[in-house]
Every structure is written in structure tokens, then in C-alpha cells.
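Chemist: Got a sequence here, can you build the structure:
(one chain, ligands or ions: 2)
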Amino acid sequence: MAIDCISNIASMTHYPKDEKKDEQKKLVFDASVLKFESQIPKEFIWPDDEKPSANVPELQVPLIDLGGFLSGDPVATMEASRFISEACQQHGFFLVVNHGVDAKLLADAHKYMDNFFLLPLRQKQRAQRKVGEHCGYASSFTGRFSTKLPWKETLSFRYSAENNSSKMVEDYLLNKMGNELRLLGRVYQDYCEAMSKLSLGIMELLAISLGVGRAHFREFFDKNDSIMRLNYYPPCQKPDLTLGTGPHCDPTSLTILHQDRVGGLQVFVDNEWHSISPNFEAFVVNIGDTFMALSNGRYKSCLHRAVVNSHKPRKSLAFFLCPEGDKVVTPPAELG
Ligand SMILES: C=C1C[C@]23C[C@H]1CC[C@H]2[C@]1(C)CCC[C@@](C)(C(=O)O)[C@H]1[C@@H]3C(=O)O
Ligand SMILES: O=C(O)CCC(=O)C(=O)O
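Modeler: Ligands and ions are numbered 1, 2, ... in the order given. Sure, this is the predicted structure:
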């Protein structure tokens, strides 16, 4: 169960140490107000050694064309798995294009993020994430952490590939947001199904790159119990003082991220932050801690973060692939 997946995560991931357990802070992050504030609340100001640095270098990540692999071309498949192997031994990040995800679905996924996050706060709070839960709407995690608050709003929900007929995402969002936003649920149901399909294809390439049976990881994640996260980063008048998402390694297995056209993703490689420029035609894929374990440490799960800017909102959609909750995470025999 994804909740199991997340509860395991809570013990692994690099949360700010002062996660609030019971009292609710009264601080409310209303982006429609705070984006005009020249003095940002102290809770959003990060320590000097974690503040964003200006002019970070670009990370050289391979842009992998999946077209040949998806059409069954063996030469293109081997070439793609080789690029993936090189990237995952260095930092665990790569880009994929010609990925097979419908362009209109991608455009709708971004359009419906605007539709949701531009709603009045009271309406978004119909999906409010409750203390101790991991799904729902959260505005900068006020009430969960008391310092180093991220400058973002998020909407998170579970996706399960276990039951093909299940419309878990659509039902959840319809239940939370009501019938007038029923298309929201349909779009993200379709989007999660597309992400699950793309993840399983990438799992084949990862298996080939590691020299294990091509179907090994695809079968391991076939009935994945994953998490979809919509990130909305409002403009900030002091973008050099805060972070949209703090430094972390993904505690999950594989992340498929789609950035809009506003830059902000940064990866910590060779003791320096590097940017990954936005490319609307591409997904950013990265290995998480769980897959690093499955690769028996051959592949890296890297620290990354998101910075914000003063003039444009930024959006990203992150699909976090997780195995079913009761799966034991051990490397295949060939990697033991
Ligand atoms: C399972 C998850 C928990 C977080 C979202 C996904 C994978 C990454 C985790 C997170 C992004 C790591 C940094 C802190 C966090 C609180 C955040 O900034 O969103 C984490 C997510 C979460 O716990 O909600
Ligand atoms: O928004 C981004 O570019 C990164 C988001 C991220 O790392 C996350 O949601 O875990």
C-alpha cells in the first residue's frame, strides 16, 4: 500500500528535523497574498548554507530518445540502456523524449494544475492534507514543519496499478473536489496510467543496463502503488532567501518529473548545485533510494531541490514509482 511505502519513507527521507507532530501552527501560506509580500515570513527563510546560489552550472544529462526502444528496435534499445547506465552511475538523472505520452494529455495535466492552484484557498482546502496523512492539498506544509518551509503548494494522491479497472485517482479527486472539477480527476487518472506505463518501460531499460533479466524490474513494479505529486511554486519577492522544495533524495524507486517552461530544478553533483534546464518535450527521470538499493549500490540516488523566482509561477508534476507495500526490496541475484 502506498501508505506503507510513505511510512517507510518517513524513516528514510531527509525531512527537516523539526517535523511538527501534534500542534497546528496558525501560519497559513496563501500564495495569492504572499506572492506580493516583500518581507517573507521568517519560517520560509532557509539557513545561509542552504540558500540558493546564483548562476549554477548546467548538469550534462543524456537526452534519451525512447522512440526506437518503444518500437522494438534492438540496436536503439541497447543504445538507450547504455546512456542510462552511464547517467545512473554518475548522478541518477536522465531525460527521455519520444516517450509515447500523449501531448494533449500533458498539456491538460498542466492546464488543470492552473485550474486547481488558482482556486481560492478555501476551495483548495476541501482537499486539505491532514496531519499524519500524505495525500491531499498542502500549502508549504505549515502545520507539519516549523522552519525551512518550502515556498510551494502541493496536491498529492495515490495511484495503484494493481487493479486495471480501478479509477482510484479519479474517484479521490471527485470525492474531494466535487462534480464541478470532475475533469480534473479524469485527467490525472489518465496521466498516472501513462506514467505507470512509461515507468515500466524504463524499468526494462534499467534491467538491461544492469545486465539482469529484461523483465525483472518490470515484473517487480507491475502492480506498483505509487504517489502523484503536483508542485505549484508561486512567485516570491525574495527568491534568494527561500526554496521551493528543499534538498532531498527521493526515498521512492523512480521519479518521472515534468517541468513547465520555467526553470528551477537543481541537482547536487560533485559538491556543487547544477541546474537541469526545462524541456517541455522531455521528462526528467531520476533513480530514488529504493532503486539504488535494488541496484545494490551500482546506481546513484542524488540530492536535488527546486528554486523559485520573483516573476513567474512554476509548476512540476512528479510521479513517484513505489512497489506494492509488502514487496521485499532486495537486489536480483545477478547483482548480489
Ligand atoms: C513520498 C514522498 C514524500 C515527499 C514527496 C514524495 C517523494 C519526496 C518527498 C519530499 C519531496 C522530500 C523533501 C521533503 C518533502 C516534505 C517535500 O518537500 O515535499 C517530501 C515529500 C512529502 O513528505 O510530502
Ligand atoms: O519541482 C521540481 O523541479 C522538483 C520537485 C521534487 O524534487 C519533488 O517533488 O520531490
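Chemist: any idea of the mean pLDDT in the longest helix along the chain?
Modeler: When the chain is parsed with DSSP state H, its longest helix is helix 182-210. For helix 182-210, the mean per-residue pLDDT is 97.
Chemist: residues touching residue 37, list them.
Modeler: Listed by Cβ atoms under 8 Å, 6 or more residues apart in numbering, the contact set of residue 37 reads residue 237. In short, each C-beta sits where N, CA and C put it, glycine included.
Chemist: three-state assignment of it?
Modeler: Put simply, residue 37 is coil when judged by DSSP: H, G, I helix; E, B strand; the rest coil.
Chemist: From residue 274, how far out is it?
Modeler: Here residue 37 is placed at a distance of 30 Å from residue 274 (Cβ to Cβ, to the nearest Å).
Chemist: thinking again about what came up before, list the buried residues for the longest helix of the chain?
Modeler: For helix 182-210, the neighbour count (16 or more other Cβ atoms under 10 Å) marks 184-196, 198-210 as buried.
Chemist: Next, count neighbours for the residue of the chain found nearest ligand 1.
Modeler: For the chain and ligand 1, the shortest gap (Cβ to the nearest ligand atom) falls at residue 248, measuring 3.6 Å. Neighbours of residue 248 under the rule other Cβ atoms under 10 Å: 15.
Chemist: What's opposite it in the beta bridge?
Modeler: Residues in a beta bridge with residue 248, per DSSP bridges, are residue 304.
Chemist: Got the confidence number for it?
Modeler: Here the pLDDT value assigned to residue 248 is 98.
Chemist: all helices of this protein, in order?
Modeler: So, for the chain - with DSSP H - the helices run 2-12, 31-34, 67-70, 74-90, 103-117, 121-124, 168-177, 182-210, 216-220, 289-294.
Chemist: In a markdown table: those helices, plus distance to ligand 1.
Modeler: What follows is these, written out as a markdown table (distance: least, Cβ to the nearest ligand atom, whole Å):
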| stretch | distance to ligand 1 |
| --- | --- |
| helix 2-12 | 5 |
| helix 31-34 | 16 |
| helix 67-70 | 26 |
| helix 74-90 | 18 |
| helix 103-117 | 15 |
| helix 121-124 | 16 |
| helix 168-177 | 16 |
| helix 182-210 | 14 |
| helix 216-220 | 18 |
| helix 289-294 | 10 |
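Chemist: wait, which of those helices is closest to residue 232?
Modeler: Residue 232 lies closest, by Cβ to Cβ, to one member of the helices of the chain: helix 103-117, at 4.0 Å.
Chemist: ok, back up a step: just so I know, which of the helices of the chain lies nearest residue 160?
Modeler: Nearest to residue 160, of all those, is helix 168-177, at 5.5 Å by Cβ to Cβ.
Chemist: Report the rounded mean pLDDT for that closest one.
Modeler: Averaging the model's pLDDT scores along helix 168-177 yields 95.
Chemist: Would you indicate which residues of that helix are buried?
Modeler: Across helix 168-177, burial judged by 16+ other Cβ under 10 Å covers 168-170, 172-174, 176-177.
Chemist: Wondering if stretch 49-62 reaches ligand 1 at all.
Modeler: No. Stretch 49-62 stays clear of ligand 1 (Cβ under 6 Å from any ligand atom), getting no nearer than 12.6 Å.
Chemist: can you tell me the distance between the two ends of that stretch?
Modeler: Distance across stretch 49-62, first residue to last, is 30 Å (Cα to Cα, to the nearest Å).
Chemist: Please enumerate residues in contact with that stretch?
Modeler: Residues outside stretch 49-62 that contact it (Cβ under 8 Å, 6+ apart): 83-84, 86-87, 91, 93-95, 148, 239-243, 246-247, 266-267, 269, 272-277, 284, 307.
Chemist: and with 6 Å instead?
Modeler: Applying Cβ atoms under 6 Å, 6 or more residues apart in numbering, the contact partners of stretch 49-62 are 83, 87, 93-95, 267, 273-276, 307.
Chemist: Which among those count as buried?
Modeler: Among the contacts of stretch 49-62, those buried by neighbour count (16+ other Cβ under 10 Å) are 83, 87, 93-95, 267, 273-276, 307.
Chemist: Could you dump the residues you listed into TSV with distance to residue 108 and pLDDT added?
Modeler: Output for the buried ones among the contacts of stretch 49-62, formatted as TSV (distance: Cβ to Cβ, whole Å; pLDDT from 0 to 100):
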residue	distance to residue 108	pLDDT
83	30	98
87	29	98
93	26	98
94	25	98
95	22	98
267	28	98
273	32	98
274	31	98
275	27	98
276	24	98
307	27	98
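Chemist: Nearest to residue 233, out of those: which one, please.
Modeler: residue 307 (8.7 Å).
Chemist: Quickly note the distance from whichever residue of the stretch 151-300 of the chain sits closest to ligand 2 to residue 308.
Modeler: In the stretch 151-300 of the chain, no residue comes nearer to ligand 2 than residue 265, which is 3.6 Å away by Cβ to the nearest ligand atom. Distance of residue 265 to residue 308, given as Cβ to Cβ: 12 Å.
Chemist: Neighbour count: those two, which is higher?
Modeler: residue 308 (26 against 23).
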